[in-house]
Structures are given as C-alpha cells and as structure tokens.
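Engineer: Turn this into a model:
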Amino acid sequence: MAIKKKNPIFSKVILSFPVFIVLSLLIISLGTVMGQEQKTIKWGAIEPLSGSAALWGKAMNQGVELAADEFNAKGGLKVGNTLYKINVMEEDDKYTGAAAVAAASKLIFQEGVKFITGPLGTPTTMAIQPITEKEKVLMMTNSSGDACGKDKPYTFRIGPSFLLGIAGNFQAAAEKYPGRVKRIAYICTNDHAGWDTAKIVEASASSKFLGWEIVAKEFYERGMTDFHPLLARVLPKKPDLIETAGVPSIEAALVASQAYGMGYRGLQTGMLIMPKLQSEKGGPGAEGMIGFWGVDYDMPWITKGQKELYEKFKAKWPGQTMLHQVEVAYSGTKGAFLAIEKAGTFDTTTVIKAFENLTWDVPAGKAQWLDFDAYGYKGIKRQISIPHPITELRGGKLNLLRWADLSKIVQEMGIKIEGK
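Structural biologist: Okay, the predicted model is just below:
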C-alpha cells in the first residue's frame, strides 16, 4: 500500500499551531499587567512654555513628568482592577489669560481631560477657573495669589502662596536681625498679583508679631528695567527693609543693584527662585537677601527625599538646573495620583474628597491640606502644607535660615487679609 507523503506546508502549519496560540495569547494580554487591564488617562499640564516665564513653566512640567514616570514604572494608576498609563498633555498658556483659556478649552472639550497641573500664574489660573470649576476639572495651581475659595472647590494650591512666603521672610528677618527693622517699603507689579501682594505685605508688617511701619509703596509695569525714578521716591523714606515678593527674579535683581548704587544698605526680602541670576545681576545689593521659593539642590541642607528627586532629574535631563517648581509640581501631582487610587475612580467630585483629607510623603517631608482661615475660606482644605526653607543669598548660593511650616507661621503671627 502506498504511503502518502505528508504535505510539508500542512506539517509546518500543524507544528506552528501551538506557537500561534501562544502568540495570540500574548497579543491579547498586551495592556494587561498582573491580570489587570491597562488603559490610558490623559493628564493636563498648562504652563507658560514660551515668553518670560517659560523657564518656570517648563520646570513645572518636568515635575509632572517625574511623577508620571514613577507611577507608569509600576504599571500606571491603579483604579479598581484596571491600570491606567498616564499620558501628560502639555499646553502653553504663554503667561496670558487668553492663551490659558484656549489651552484649557482644548484639553477639556477636545481631549476630555479632567485633571490639570498648573497654571503657575495667578492671572492665568483665574482666567480658566470659570471653565475648570463649571466642568468639575481638578486643577492644581501654583498661583501665589488668592486663587482658592469655597466657591472654587476643584482648585488646589500646591505651592506656597505670597501670604506664606512673605510671613516666613518677615519672621526670619526679625529673628536674624532683632530690632533692626522698624520701617519697610514694598515694590509690587501693577496687576492682580501685585495688588494681592500689597495687601499681604501690609497685613504681615502690621501684625502683632512685628508692628512694622510701611513708609513707601510702589507699583510698576512688568518688564521695567530702570527703577531709579521709583527708588528715588522710596529711598528718601529711609526704609530698613524693601520687600519684592512677587517681582520676577531679574527685576528683583535690578531693584537690588540699583538701590545699592543709590546708597541703600538695608535688607531686601522676596523670592529667591533664581539665586545665581539674582546674585549676578543684583551684585552686592543682592547679598544677604532673604527669601522663599528658593532651594539649592546642590547644598548639603536639602532632605534625603529632595536628593533622590534631584538624582532622578539629573538622570532624565543631564546638565539642566533643577528649579523648585519641579519639586512643587511633582509633590502636588503625586498627591493627586494617590487620591485617585484611594478614591478608586476618576470622578473628580469623589476624588477631591479623598484629596483634601490626604496626607502623603513628598521630598521635603509630609504634605497635607489646610483650611486657610487667613484668606477667608475656612472649612475647605485647599492650601498645601509642606515644610519649606527660608534662605539667604550669599555668593550665588542659598544658605538655610530655617525650615518651617509657613502655614503655621501665618497662624502664629495672627495675620488676616482685609476684604476677605
């Protein structure tokens, strides 16, 4: 009897069938980790990526990326039995209200975004709040002005406000130079942020803890480079301290340099976001400036957690300088991720309940939310509370004066903002 030869093609198909099954199962399991289905969640990041504030905006987005990398490395956000890979979607608000509205509208109405880290500016934050609050989009702003309130439950502030920073500056100056400061002047930008800052300076200086006299107050248009006419009105009043919180770094440096050139030898307080630049442009006038918002990640006084974040930053962006905005955005965004996992849903009404009661680990220590009575919204926890350094600028480096919970300092000083 003749034996039929096996069809080689048929044999290959039969032999390869188990391999086909295995490959099929692998394909089906793609997007599944440890038996959990994996999907994607879109995360908004609205910051100035062009213009004068681009450096700060890019730093904020770097913080968001580091937080997303950390969770994505574990498979993503775990919501129920599903893992969601975090897809960060950046939009440029150009540090203007109109561009911020366009950015928010695109993310919310076209992309379906329900969570946004940013913006960092008060005007841009307030410009998009009518949209984010109406659409119940959780927004974590770095606005230093008064952007939170009972009527804005979906807005959380993840950085120190001007109120916190100025109170910290003043207390540190009073402790380092007891009895030296009795008369102060302040210089603010002529916009919403500057007007808000002015209220804070006046409330802080006149608090029962200090009792300082304000002898001069000036408002200027952003972008000014010649402060001599302004200082010619301020310096004859003989202030012991000039406060420039809210003034951009380069402009604060110019104030320091030009005031020194006109004979001023008193103290200056403000923000120390860019210490190297402020030291270079401010010269001897910037020496000894006391400020908040400044963290030098190459200094030995930073925490273990900050060192670890710094190492991750350098590995991802070698050769770049890590600004404090990176840490602020990382800490706040990480908290939101944890709140989503705790809530077990992306429903923002449920998430904000979990978020406001959350305590979590951040590079500087522990973070939680406070109902910040000084701003008149007691009963709604929206101001982040994180240990924050108050530093002094010396030779382009930031020396630590004290670590402090700035929120508690405001409470200790009994500061209240009029009109709130």
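Engineer: where exactly do the helices run in the stretch 251-400 of the chain?
Structural biologist: 275-282, 304-316, 324-343, 348-356 (DSSP state H, counting those that start in this stretch).
Engineer: And the third one, what does it pack against?
Structural biologist: If contacts are counted by 3 or more Cβ pairs under 8 Å, 6 or more residues apart in numbering; DSSP states H and E, helix 324-343 sits against helix 54-72, strand 77-79, strand 115-117, strand 138-141, helix 304-316, helix 348-356, strand 360-362. All C-beta atoms are positioned from the backbone trio N, CA, C, and that covers glycine.
Engineer: Now distance to Ala103 and mean pLDDT too, for those, in JSON lines please.
Structural biologist: Output for these, formatted as JSON lines (distance: least, Cβ to Cβ, whole Å; pLDDT from 0 to 100):
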{"stretch": "helix 54-72", "distance to Ala103": "11", "mean pLDDT": "96"}
{"stretch": "strand 77-79", "distance to Ala103": "23", "mean pLDDT": "96"}
{"stretch": "strand 115-117", "distance to Ala103": "9", "mean pLDDT": "98"}
{"stretch": "strand 138-141", "distance to Ala103": "12", "mean pLDDT": "97"}
{"stretch": "helix 304-316", "distance to Ala103": "24", "mean pLDDT": "97"}
{"stretch": "helix 348-356", "distance to Ala103": "19", "mean pLDDT": "97"}
{"stretch": "strand 360-362", "distance to Ala103": "26", "mean pLDDT": "97"}
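Engineer: Using CSV, please lay out the ones you listed together with mean neighbour count and distance to Gly335.
Structural biologist: Converted to CSV, those look like this (neighbours: other Cβ atoms under 10 Å; distance: least, Cβ to Cβ, whole Å):
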stretch, mean neighbour count, distance to Gly335
helix 54-72, 22, 9
strand 77-79, 19, 13
strand 115-117, 27, 11
strand 138-141, 27, 8
helix 304-316, 15, 14
helix 348-356, 19, 7
strand 360-362, 17, 5
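Engineer: Ile187: which of those is closest?
Structural biologist: For Ile187, the closest of the helices and strands packed on helix 324-343 is helix 54-72, at 20.0 Å, according to Cβ to Cβ.
Engineer: Can you tell me which helices and strands that closest one packs against?
Structural biologist: For helix 54-72, the elements it packs on are strand 36-47, strand 82-92, strand 115-117, helix 304-316, helix 324-343, judged by 3+ Cβ pairs under 8 Å, 6+ apart.
Engineer: Deepest-packed of those, please.
Structural biologist: A comparison of these by mean neighbour count, using mean count of other Cβ atoms under 10 Å, puts strand 115-117 on top with a mean of 27.
Engineer: So what touches it?
Structural biologist: Strand 115-117 is contacted from outside by 41, 43-46, 60, 63-64, 104, 107, 132, 137-140, 158, 329, 332-333, 336, 340, 348, using Cβ atoms under 8 Å, 6 or more residues apart in numbering.
Engineer: Ranking helices and strands of the protein by mean pLDDT, which lands last?
Structural biologist: helix 8-29 (a mean of 42; mean pLDDT, DSSP states H and E).
Engineer: returning to what we had before: want to throw the helices of the stretch 251-400 of the chain into TSV with distance to Ala367?
Structural biologist: Formatted as TSV, the helices of the stretch 251-400 of the chain follow (distance: least, Cβ to Cβ, whole Å):
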stretch	distance to Ala367
helix 275-282	24
helix 304-316	11
helix 324-343	6
helix 348-356	11
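Engineer: of those, which approaches Leu235 most closely?
Structural biologist: Of the helices of the stretch 251-400 of the chain, nearest to Leu235 by Cβ to Cβ is helix 275-282, at 16.2 Å.
Engineer: got the CA coordinates for that closest one in CSV?
Structural biologist: Provided in CSV are the C-alpha atoms of helix 275-282 (Å, rounded to 0.1, in the frame of the first residue of the first chain):
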residue,chain,number,x,y,z
PRO,A,275,19.7,82.6,43.0
LYS,A,276,22.5,82.5,40.6
LEU,A,277,20.9,85.0,38.2
GLN,A,278,19.9,87.3,41.1
SER,A,279,23.4,87.2,42.5
GLU,A,280,24.9,88.0,39.2
LYS,A,281,22.5,90.8,38.2
GLY,A,282,22.0,92.1,41.8
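Engineer: buried set for that helix?
Structural biologist: 275, 277-279, 281-282 (16 or more other Cβ atoms under 10 Å).
Engineer: These: which two are farthest apart?
Structural biologist: Taking Cβ to Cβ as the measure, the buried residues of helix 275-282 span a maximum distance of 11.0 Å, between Pro275 and Lys281.
Engineer: residues shared between the contacts of these two?
Structural biologist: Going by Cβ under 8 Å, 6+ apart, no residue sits against Pro275 while also sitting against Lys281.
Engineer: Now Ile384. Nearest residue, chain neighbours left out?
Structural biologist: Take Ile384 and drop its neighbours on the chain: the residue closest to it by Cβ to Cβ, 6 or more residues apart in numbering is Ile158, 5.2 Å away.
Engineer: Do you know the pLDDT at that neighbour?
Structural biologist: Ile158 is assigned 94 on the pLDDT scale.
Engineer: Tell me where the model's unsure across this structure.
Structural biologist: By pLDDT under 70, the low-scoring segments of the chain are 1-37, 372-378, 417-420.
Engineer: could you redo the last one with a cut-off of 50?
Structural biologist: For the chain, the stretches with pLDDT under 50 are 1-6, 8-33, 420.
Engineer: Can you pull the domain assignment for it?
Structural biologist: Here the domain parsing of the chain from automatic domain parsing is 38-160+302-386, 172-292.
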